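**Q** structure of the sequence below:
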Amino acid sequence: MKSKFIVLSSVFFALALASCSPSTGSSAVTSSGNPASSSALSSGASTETGDIQNGDLPLGQTTYKDVTGVTQQLNRSSIYRTAGSPHVDSYHSATQKAQKLLVAPIRFVKDDTDSLDTITADDALLSKIRIAFAGTAEETAAVGGYISVQDFYKRSSYGHGGFDVVVLPTWVDYDGTAKSFREKSDGNGGLFASEYVRNWYIDQYASTDHGLLGKDAAPLSDFDTDNDGYVDLIWDVYAYPWVDTNFWWAYVTYSGNQPQVGNPTIKTLAFASTNFMTSYNGYDSHTFIHETGHTLGLDDYYDYTNTWAPMAAVDYMDHNLGDHNSYSKFSLGWVNPWVLKEEDLAGGKSAVITLRSASATGDSLVLASPNYNGTAFDEYLMVELVGPYGLCKTDYLKGYENTTGFTQPGIRILHIDARTYGLAADGGHDDYLKSADAIGQKAIDLRLGNTYGGRVGVHVDSDYWTLSDSKATKKYFTQASLMESTIAETNWTKISTYNATNDSLFHANSRFSLASKYPWAKAFMPSESNLWNKAKTITGWSGTTQKYTIDENIACNFNLKVLSITSDETAGAVAKVKVTLNA
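**A** As a prediction, the model looks like this:
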């Protein structure tokens, strides 16, 4: 539940987001095959082996070299940092120092004339906020609640990301009503609240025994773990309903404040009502987890124009469900998927790859496009085994706000186009950066989102395929979209409320290919063929008319078959997939 907007004022500039080395969470499965604990989960179990297995493949790259030759992390947050808008660092394994998340519960003076002022901001609600953000698994289970923000990101990142969450031990009392807060904030609720909390914290810390913070409180500088002059992340959780979505809403934004080392200012912040904790017996952290994904740099995967549903609802950055997908985790530096290129399969070779449940282990496979740069920031097919395992288990089996998950294991195939662009001097949006080093040094954003027609406000209506039968027919690109196993008349391309089902996944003995004799290219590829998006090169403009060329050699020739899916005591399930080239 996010808004994407730009706010300008005399004090702030804010932009709300629509937004490494090999990962130990993506442990290599050796060529010996599945763990000995596996037992049959589906028919068609296979012992088939190929010329290529997991251990023969390189891993996806999550580092780059900066202009001085020093190796740096390459992820969504580092791209925003290059663009001058630093987000929370999504990968702290290199420093072993988790980013701090400061949670500020905010309450207002009670206004008896305001019919919306219905929330009781007492100690009980303060306790709920603490458990939603920092509760242990035992604490959330004891109150019938959902996993805390802190626990979710520790597990979702396999320990590579996550936060050290600090919830203030008391309410931050705003010296006025909610109405007056809105009036004084000049429309910048989150920014105004964050500055208020920062000043409040400094005043309390300077008081005897640190005032309401308590004598053991840390100085504000303790919340700047990377010493960049900014508080790592502040979450403003306000005790007022969010019925007015023009102001009272859940979102992430950042300020135009200048850094101050030793007395950090606010850069990245999140803002949401305590009413977002209304499900799961009042201990629901779904919205807070989703919004925190934005602080790391992830985009929304739903469509702001309500035209289609590329991720078909089942994802944390879509309908707040389950876990982040393997592409998201790759782009955050948490996993390093195995990478298979077409040239690896030349001469009739085959690859048989073992994939354990992605959420539980981080296993995933990239089927690379030609000239693939080795990183998350290119075009490829992401292959992962999903099901009710790991962080996905509760949501997939129980559902969340009318969205259902995958109750059976299956292979999910996503078409990813996460190419990045730089400033005009580097080709601008019409071009894309083609190496890890260029991306790390120059990228300012991704070319695509999942909104029909393009990212809202960012080069809208420029990334599409024009079909040869009609110059007026445009097939728009997506950043991340589902390649469904079955292609029903109703699917994500035609309805924004579409919800994937178990049948959307590839099960034992099912096959996927973009060859013309199969239906997937026509249904889900913008080219309606096996041509990748990158086969199109924008060469210029004639007024508002786009000029471009098509390279027919930039084609996808992979043929994937699911050999088996079996149960596993540790990962929940494990699959074998065979990949060859189309004859």
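
**Q** distance of the residue of the chain positioned farthest from its centre from Lys215?
**A** Summary for the chain: using Cα atoms, centre = their mean, the residue whose C-alpha lies farthest from the chain's mean C-alpha position is Thr208, with a distance of 42.6 Å. Thr208 sits 9 Å away from Lys215 when distances are taken as Cβ to Cβ, to the nearest Å. Using the backbone N, CA and C atoms, a C-beta is placed for each residue, glycine as well.

**Q** hey, what's in contact with both of these two?
**A** With contacts defined as Cβ atoms under 8 Å, 6 or more residues apart in numbering, no residue is adjacent to both Thr208 and Lys215.

**Q** for the residue lying closest to Ala500 once chain neighbours are set aside, give me its contacts.
**A** With Cβ to Cβ, 6 or more residues apart in numbering as the measure, Ala312 is the residue that lies nearest to Ala500, at 3.6 Å, once sequence neighbours are left out. Taking Cβ under 8 Å, 6+ apart, we find Ala312 in contact with 318, 482, 484, 491-492, 498-500, 504.

**Q** try it again at 7 Å.
**A** 482, 492, 498-500, 504 (Cβ atoms under 7 Å, 6 or more residues apart in numbering).

**Q** picking that back up, how much space between the residue farthest from the centre of the chain and Gly428?
**A** Thr208 sits at a distance of 56 Å from Gly428 (criterion: Cβ to Cβ).

**Q** now, the contacts of Ala312 that are in helices?
**A** With helices identified by DSSP state H, none of the entries of these belong to them.

**Q** now the residues you listed as TSV including pLDDT and neighbour count?
**A** Shown next, in TSV, are the contacts of Ala312 (pLDDT from 0 to 100; neighbours: other Cβ atoms under 10 Å):
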residue	pLDDT	neighbour count
Leu482	98	27
Trp492	97	25
Tyr498	96	21
Asn499	97	19
Ala500	97	25
Ser504	97	23
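
**Q** and these, which of them are in strands?
**A** Applying DSSP state E to those, the entries found in strands are Leu482.

**Q** which among the contacts of Ala312 gets closest to Phe330?
**A** Lowest distance from Phe330 to the contacts of Ala312 (Cβ to Cβ) belongs to Leu482, with 16.6 Å.

**Q** contact partners for the closest residue to Lys434 other than its chain neighbours?
**A** Among residues not flanking Lys434 along the chain, Asn373 sits closest, at 5.9 Å (Cβ to Cβ, 6+ apart). Asn373 makes contact with 434-436, according to Cβ under 7 Å, 6+ apart.

**Q** most neighbours among the residues you listed, which one?
**A** Using other Cβ atoms under 10 Å as the contact criterion, the top neighbour count among those goes to Ala436, which has 20 neighbours.

**Q** how about the residue nearest to it when sequence neighbours are not counted, secondary structure?
**A** If the residues on either side of it in the chain are set aside, Ala436 comes closest to Tyr64, at 4.4 Å by Cβ to Cβ, 6+ apart. When the structure is split into helix, strand and coil by DSSP: H, G, I helix; E, B strand; the rest coil, Tyr64 lands in strand.

**Q** can I assume Tyr64 is in contact with Leu74?
**A** Yes. With contact defined as Cβ atoms under 7 Å, Tyr64 counts as touching Leu74 (4.5 Å).

**Q** among these two, which residue is more densely surrounded?
**A** In terms of neighbours (other Cβ under 10 Å), Leu74 is the more surrounded of Tyr64 and Leu74; the figures are 27 against 22.

**Q** show me what contacts the more buried one?
**A** The neighbourhood of Leu74, defined by Cβ under 7 Å, 6+ apart, consists of 62-64, 375, 436, 439-440.

**Q** then Ile147?
**A** If a contact means Cβ under 7 Å, 6+ apart, then Ile147 has 140, 285 as its contacts.

**Q** and it, how close does it get to Thr225?
**A** From Ile147 over to Thr225 (counting by Cβ to Cβ), the distance is 23 Å.

**Q** same deal with Trp338?
**A** Trp338 sits at a distance of 32 Å from Thr225 (criterion: Cβ to Cβ).

**Q** what does Ala500 give?
**A** With the distance defined as Cβ to Cβ, Ala500 ends up 38 Å from Thr225.

**Q** do the same with Leu269
**A** Counting by Cβ to Cβ, the separation of Leu269 from Thr225 is 16 Å.

**Q** more crowded one of the two?
**A** Using other Cβ under 10 Å as the criterion, Leu269 and Thr225 rank with Leu269 on top: 26 against 18.

**Q** wait, is that one part of a strand?
**A** Yes. Inclusion of Leu269 in a strand is indicated when three-state DSSP is applied.

**Q** and it, what pLDDT?
**A** pLDDT recorded at Leu269 is 96.

**Q** okay, now Phe223: neighbour count?
**A** Residues lying near Phe223 (other Cβ under 10 Å) number 21.

**Q** I figured it hits Lys100, correct?
**A** Yes. Counting by Cβ under 7 Å, Phe223 does reach Lys100; the two are 4.4 Å apart.

**Q** give me the common contacts of the two.
**A** Counting by Cβ under 7 Å, 6+ apart, the residues touching both Phe223 and Lys100 are Asp232.

**Q** now do the same contact list for the closest residue to Asn499 other than its chain neighbours.
**A** With Cβ to Cβ, 6+ apart as the measure, Ala313 is the residue that lies nearest to Asn499, at 4.5 Å, once sequence neighbours are left out. Applying Cβ under 7 Å, 6+ apart to Ala313 gives the contacts 319, 321, 403, 498-500.

**Q** and Ala313, how far from Pro337?
**A** Ala313 is 23 Å from Pro337, by Cβ to Cβ.

**Q** sorry, back to before: pick the one among the contacts of Ala312 closest to Tyr238.
**A** The shortest distance between Tyr238 and any of these, using Cβ to Cβ, involves Asn499 and amounts to 31.2 Å.

**Q** against Pro519, how distant is that closest one?
**A** Per Cβ to Cβ, Asn499 is found 21 Å from Pro519.

**Q** repeat for Tyr476
**A** To Pro519, Tyr476 is 20 Å away according to Cβ to Cβ.

**Q** which of the two has more neighbours?
**A** Tyr476 (20 against 13).

**Q** quick one: contacts for the residue lying closest to the more buried one once chain neighbours are set aside?
**A** When the adjacent residues along the chain are set aside, Tyr476 lies closest to Tyr464, with 4.7 Å between them (Cβ to Cβ, 6+ apart). Tyr464 is in contact with 474-477, 526, counting by Cβ under 7 Å, 6+ apart.

**Q** so which of these is the most crowded?
**A** Phe477 (27 neighbours).

**Q** now for that one: which residues touch it?
**A** 417, 448, 463-464, 526, 533 are the contacts of Phe477 under Cβ under 7 Å, 6+ apart.

**Q** leaving out chain neighbours, which residue sits closest to it?
**A** Leaving aside its sequence neighbours, Phe477 sits nearest to Asp463 (Cβ to Cβ, 6+ apart; 4.3 Å).

**Q** show the contacting residues for the one you found.
**A** When contacts are counted by Cβ under 7 Å, 6+ apart, Asp463 is found next to 447-448, 454, 476-477.

**Q** and Asn246, how far from Thr580?
**A** Asn246 sits at a distance of 54 Å from Thr580 (criterion: Cβ to Cβ).

**Q** tell me which of these two has more neighbours.
**A** Taking Asn246 and Thr580 together and counting by other Cβ under 10 Å, Thr580 has the greater number of neighbours (19 against 7).

**Q** name the nearest of the contacts of Asp463 relative to Val143.
**A** Of all these, Val143 sits closest to Leu448, with 40.5 Å by Cβ to Cβ.

**Q** so the residue nearest to that closest one when sequence neighbours are not counted versus Tyr301, what's the distance?
**A** Nearest residue to Leu448 in three dimensions, chain neighbours excluded: Gln479, at 4.2 Å (Cβ to Cβ, 6+ apart). With distances defined as Cβ to Cβ, the gap from Gln479 to Tyr301 amounts to 7 Å.
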